[in-house]
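Engineer: what's the 3D shape of this:
(3 chains)
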Amino acid sequence: MSEILKCIINDEEIEALVDPDMRLVDFLRERMQLTGTKIGCKKGECGACTIIMDGKAVNSCMVPVMRASGSVIQTIEGVEKNGRLHIIQEEFINKGAIQCGFCTPGMIMSSKALLDKNPSPTSDEVKEALGGNICRCTGYRKIEEAVLSAAKRLREEV
Amino acid sequence: MKYIIAESVDDVLRAFSENDGKAMVLAGGTDLVLDAESGKKSSDAWIDIMRIPELKEIKTEDNKIVIGSAVTLTEIARSELIKKYYPSLCKGAGTVGSLQIRNAATLTGNIVSAQPAADAAMALAPLDPEIVVVSNEGERILNMEEMYSGFGKSAIDSTRELVKEVRIHIPAENEKASFIRLELRKSLSLPMLNAAARARVENGVIKEIMINMAPVGVGPKRARAAEEFLLGKELNEENATEAGKLALKDANPRSNPLRGSKEYREETLPVIIERAVADIGVQLGLL
Amino acid sequence: MESYVGKNIPRNDGYDKATGRGKFTHDIFLPHMLYAKVLRSPYAHAKVTSIDTSEAEKLKGVRAVCTFENTTNKLFNTSASVVTTNPGAEPVRDQTVFTGEPKYIGDEIAAVAADTEKIAEEAVKLIKVEYEELPYVLDPLEALKDDAPDVQPELAHKKNICGEVIEINFGDVKEGFEEAEEVVEAFVKLPRVKQAQMETHAAVASYKGDGTLEVYSTTQTPHPTKMIIAYTFDLPESKVHVKNPPYVGGGFGVRIGISGKAEIIATALTLKAKRPVKYVYTREEDFIASDTRHGGYLKGRLGAKKDGTFVALDTTAWLNTGAYATFGVELLGVCGACGTAGTYHVPNLHYSGYPVYTNQQTAGAFRGFGTPQGTFIVETLVDAMAKKLGMDPIELRKMNTMREEDKNWFPFSVGSVGINECLDRAAEEIGWKEKRGKCKEGKIRRGVGIACGTHVSNAAPFCVDYNAVTLRIEQDGSMVVQSGIPEIGPGSTTALLQVTADEMGIDFDKITMQYGDTKAGPFDIGSHATRTLYTVSQVIDKAAKKLKADIFDYTAELMKMEREGMKLEGGVITSGEKSISIKALAYEAHLRGKQFIVSECLVPPNSLPWYAQAAEVEVDMETGMVKVLKVAAAHDVGKVVNPRLAEGQIEGGVIQGVGYACREEMTYVDNKGFYNNGFHKYMLPTADDVPEIVPILVESNDPKGIYGIKGIGEVGVCPTAPAIVSAVEDATGIRFYEIPMTPGRVLKAIKEKEKA
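Structural biologist: Residues are numbered from 1 along each chain as shown, chains lettered A, B, ... in the order given. Here you go, the predicted structure:
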């Protein structure tokens, strides 16, 4: 049985007929072709599919698609605006926080959810925000550095 | 499959009767979604309770802290109200899974999924909560032990019953709780062992005590022998150590290929019980 | 002129990866595409007595069912070794696409392609298989016993030995031990650990009626993968097109060749269905049914003079390669060559390496490729010798490490050696003098330790390792580098453009690289063996020289400029007073029917990267918890092309080493298989559990590398575990001969020591 999903994805109103069995991540990747959101485990154990839903970082693989009804969703594709990278994205590139890139969208979404609410996070707060995002390449050190540096730049911009 | 977004408790009760055991309550979904996929749990419909306003509150009422069943673990971990009375509950709720999981998952879900070493349920257990369950038969109040019907099994039938809220008494001034976790890593891991305790201490003497531990049996198991020993005794390091040893009397840990052998868990359980009890002493300025 | 080499140029794939616009194999959706699911053996060893696919085939939406009965049973090997074994030796070919005699829990029996993943999954459940269980063996030492079941009865070299026993002899080890005044011995057990790269193995294969096959793949070696697919299915290599899309979500060695079996299975299905087939491994499949690091046992004896001079070293490794070879033979070679024979100047050496078949999933390449295992036994012995001689472990190491002028076992010269500087700088950073050997008491104890070693900068001359590139100048003077290498994460494609820009004198942002595609460039073995930057920079150097010569000859003639002393810098060609921009020249050439284009092919030399890491740990004596506080990682990687990328390689390697030392382990449960079927059950480090890491770059000037470059990719992980074990010994007085040092193992040892 299909149901109607209405939500906002990356500032756009979406209306779609969905099978409620579907998870949000599959809807985003397969129906919306927003393949920037990755699947690393589909069990909520790696964070590659992290998106921001109503201001909070969530694993989109754990969200039944209908739970998105009425929600405001942001995926990695919505972070860059008019061809301009977000400061977090720039700092990920500048600080060497990216290697294979598969965890990167999820990492950036977790970082953004943190910095949207907390412009001056401590190192421990950054670690908490990224604890659910596995990266096997970087050793995390440069990712933390990128987030702290982005926070500083964002504060300076305001 | 049908997806019902409930807007009130009445909506949930109506969905129960309309679907007659075929519609299941969906809270955070971080366990249920996986159980549904693996075929461990099946239903024709999900009743999403996360948008019911009255279940989304943390408040005080009749000298009790009330936590609605749609409150997420992150909201508990960051609640100033809870932090004021029971920082240990913030700590327990704040260690489940990862931030993404905690942003979705709930305290009651952590109980109902019945994983014995669930950290939020563990931190809650010694606070001796009243758990309010509603169904079309009416309302009933269960204590923590009554929430578990066996190893990994919940006493709640999620197709007919809704856990509405958890109520916790506001602690006396000389009453503190603790939570401790022996972990292989901070995030994305169940603990090797966890324990929580609460004590009321007058003039250095323990007047009331509850200690829970897991995974050593069904749910957050009471360390009754340790509790009995401590009751009426001074809260000091020696007694905490002795209580740790006695905790083994109520514990029957199993071996896990990853999270510790039976022997390891028996060796370290006394240590974490001792630390959980001692932590209360530290909070009260006694140790 | 070095305008770009040595600088922190941001990686050129950063934009794609930070915006989510970069495509990975998982992101490929083709029109009319089918989805595959695989039926895997529930038994460690069995014979399929009957298989019935009729119900599965009847299910609506099922388009192809492949089994060992209707698919080629040609023997092959999923690893690149099958197409890179030196002439004269035979590669091991010991597996088929599907099997009727599964040899491990997870072995592939059959596969389905269907309209959706769900239908494919349902169809797999409808395949009826009857098995006859057969005896199995799980442990490499057990497998070598005469009465052990045979894993590969027809293909094994001797009783359950895969390929051959690797022997290394240098000097006379018997005489060496006679000369020795002190001898220490050790026996160690090392775990099987998983690469756990973030993108699971995947392939989208599309075969068309015109005989062409296109395969999107997660491989880290597109050309060898093309060769393996073509060989297995008897297709012309020219008709098989393998490409990364272009990104690969990590590798760490796990897909040098086929990614698990993704490309092979997707190809079998597309050949049958004649439609594109996508096969993405679930995380569980990736964990339990693709290569791991080799676990197993090593023993060793080290002999020294009273003054500390090493005179003899004898080591043996018995590593568990699982049911099929993949890289079993080569890995045991590197374990001996780099791990045991590489670090120290020992005049008398012997090593035997046994790649042992068992009824477990395959072990193959994982960052370090045998070097971590070999380094572990040697560093265990060296610490034991230091203790026996009452010497400082660093002083003992420094007097025995390899020197430039040393004759060694390697078939190439030692080259530049920065190992002693690495030892000194790591020691200083960790506070060795203040902390090592100080009295440790109380419930929480701290200690420091150190370990060192070497590796290679590519696989030549141990196996076929060469590459070719094409360089061309576009009509506007910008430049394209075409190469068959992939970009699996380290940033090789950025660093190589830094080298190209300096070699050519053309601005970095005017150069583009085409890569990760068998049609992008001529043969290149791919990313393995710490080679990509080291070897490809060499062939680029050769090609760039030729390209510049062509440009200069042409310029001299066309522009009537003096050829002698002509140079190209910052995109401008000058000679004497005259100059012309490469942009103007390229267009003038174009108008006259000329493009500047060269291809070059090169077998690289080899160089030894050196390293030392020092670790500080904290041990909870009541719970056995080991917490790594800090790792100081000093690496001699020759000239550093991009410091930030280099640090990233080291930090990433160190963290994998911390996991190896303390937490990571594949645990086998009899009759069920490996317990660790997901991230939740595999304790690799998370962001909130990492120690402080201080990467230290030591730049020895290597005479063989371009600009003095050596390899870097694998080395970060190699010495971390023995350094941490040494630190735990310093803290607790207990030496661990088995890793990971889980709380259970550590506490048990503490209790035993207390009793004793």
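
Engineer: Where does the record place the domain boundaries for the chain?
Structural biologist: Using chain A here. Chain A resolves into domains spanning A:3-78, A:87-157 when parsed by automatic domain parsing.

Engineer: switch to chain B, that's the one I care about
Structural biologist: Looking at automatic domain parsing, the domains of chain B come to B:2-169, B:175-283.

Engineer: in the lowest-mean-pLDDT helix or strand in chain B, what counts as buried?
Structural biologist: Here the helix or strand of chain B ranked lowest by mean pLDDT, DSSP states H and E is helix B:32-38, holding a mean of 92. Residues of helix B:32-38 classed as buried under the neighbour-count rule (16 or more other CB atoms under 10 Å in any protein chain shown) are B:32-34, B:36. From N, CA and C alone the C-beta is placed, and that goes for glycine too.

Engineer: on that earlier part again, and the domains of chain B as a markdown table, adding distance to chain C?
Structural biologist: Output for those, formatted as a markdown table (distance: least, CB to the nearest CB, whole Å):
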| stretch | distance to chain C |
| --- | --- |
| domain B:2-169 | 8 |
| domain B:175-283 | 4 |
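
Engineer: Distance to C:Lys208 for the ones you listed - can I get that in a markdown table?
Structural biologist: Output for the domains of chain B, formatted as a markdown table (distance: least, CB to CB, whole Å):
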| stretch | distance to C:Lys208 |
| --- | --- |
| domain B:2-169 | 35 |
| domain B:175-283 | 43 |
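
Engineer: quick one: which of those domains is nearest A:Gly106?
Structural biologist: Closest to A:Gly106 of these is domain B:2-169 (CB to CB; 8.8 Å).

Engineer: hmm, back to that, mind checking which of the domains of chain A is nearest chain C?
Structural biologist: Evaluated over those, closeness to chain C peaks at domain A:3-78, with 1.9 Å, by CB to the nearest CB.

Engineer: so what's C:Ala114 up against?
Structural biologist: Contacts of C:Ala114 were listed using CB atoms under 8 Å, 6 or more residues apart in numbering or on different chains, and they are C:34-35, C:37, C:59, C:61-63, C:120, C:123.

Engineer: which phi and psi does it have?
Structural biologist: phi -140, psi 170 (degrees, to the nearest 10).

Engineer: so what's it scoring on pLDDT?
Structural biologist: Predicted confidence (pLDDT) for C:Ala114: 98.

Engineer: still on that earlier bit, how about the least confident helix or strand of chain B as PDB, C-alpha atoms only?
Structural biologist: Taking Å, rounded to 0.1, in the frame of the first residue of the first chain, the C-alpha atoms of helix B:32-38 are listed here in PDB:
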ATOM      1  CA  LEU B  32      12.200  -1.800  15.500                       C
ATOM      2  CA  VAL B  33      13.200  -0.800  12.000                       C
ATOM      3  CA  LEU B  34      16.000  -3.400  12.200                       C
ATOM      4  CA  ASP B  35      13.800  -6.100  13.800                       C
ATOM      5  CA  ALA B  36      11.200  -5.600  11.100                       C
ATOM      6  CA  GLU B  37      13.800  -6.000   8.400                       C
ATOM      7  CA  SER B  38      15.200  -9.200   9.900                       C
END
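
Engineer: can you pull out the strands in chain A?
Structural biologist: Assigned by DSSP state E, chain A shows strands spanning A:3-9, A:12-18, A:50-53, A:56-59, A:72-74.

Engineer: Could you provide these in JSON lines, with additional columns for mean neighbour count and distance to C:Ser416?
Structural biologist: Output for the strands of chain A, formatted as JSON lines (neighbours: other CB atoms under 10 Å in any protein chain shown; distance: least, CB to CB, whole Å):
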{"stretch": "strand A:3-9", "mean neighbour count": "17", "distance to C:Ser416": "55"}
{"stretch": "strand A:12-18", "mean neighbour count": "12", "distance to C:Ser416": "57"}
{"stretch": "strand A:50-53", "mean neighbour count": "28", "distance to C:Ser416": "44"}
{"stretch": "strand A:56-59", "mean neighbour count": "28", "distance to C:Ser416": "47"}
{"stretch": "strand A:72-74", "mean neighbour count": "20", "distance to C:Ser416": "50"}
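
Engineer: In TSV: those, plus distance to C:Ile109.
Structural biologist: Below are the strands of chain A laid out as TSV (distance: least, CB to CB, whole Å):
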stretch	distance to C:Ile109
strand A:3-9	38
strand A:12-18	35
strand A:50-53	36
strand A:56-59	32
strand A:72-74	41
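
Engineer: Any chance of TSV for the ones you listed, columns mean pLDDT and distance to chain B?
Structural biologist: Putting the strands of chain A into TSV (pLDDT from 0 to 100; distance: least, CB to the nearest CB, whole Å) gives the following:
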stretch	mean pLDDT	distance to chain B
strand A:3-9	97	6
strand A:12-18	97	9
strand A:50-53	98	6
strand A:56-59	98	4
strand A:72-74	98	13
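
Engineer: could you dump the ones you listed to CSV with distance to chain C?
Structural biologist: As requested, the strands of chain A are exported to CSV (distance: least, CB to the nearest CB, whole Å):
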stretch, distance to chain C
strand A:3-9, 13
strand A:12-18, 15
strand A:50-53, 11
strand A:56-59, 12
strand A:72-74, 12
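
Engineer: From chain A, how far out is the residue most central in space within chain B?
Structural biologist: The central residue of chain B, meaning the one whose C-alpha is nearest the mean C-alpha position (CA atoms, centre = their mean), is B:Ala121 at 1.1 Å. Distance of B:Ala121 to chain A, given as CB to the nearest CB, to the nearest Å: 18 Å.

Engineer: got a list of what that residue touches?
Structural biologist: Neighbour list for B:Ala121: B:92, B:107, B:110-111, B:115, B:144, B:219-220 [criterion: CB under 8 Å, 6+ apart].

Engineer: Confirm that it lies within a helix, as I assumed.
Structural biologist: Yes. With DSSP: H, G, I helix; E, B strand; the rest coil as the criterion, B:Ala121 is located in a helix.

Engineer: Helices of the stretch 101-250 of chain B, residue ranges please.
Structural biologist: Assigned by DSSP state H, counting those that start in this stretch, the helices in the stretch 101-250 of chain B fall at B:107-112, B:119-124, B:224-230, B:237-247.

Engineer: Comparing those helices, which stretch has the densest surroundings?
Structural biologist: helix B:119-124 (a mean of 31; mean count of other CB atoms under 10 Å in any protein chain shown).

Engineer: Are the lengthiest helix in chain C and chain A in contact anywhere?
Structural biologist: Using DSSP state H, we find that the single longest helix of chain C is helix C:532-559. No. For helix C:532-559, no contact with chain A is found by CB under 8 Å from any CB of the partner chain; the gap never falls below 13.4 Å.
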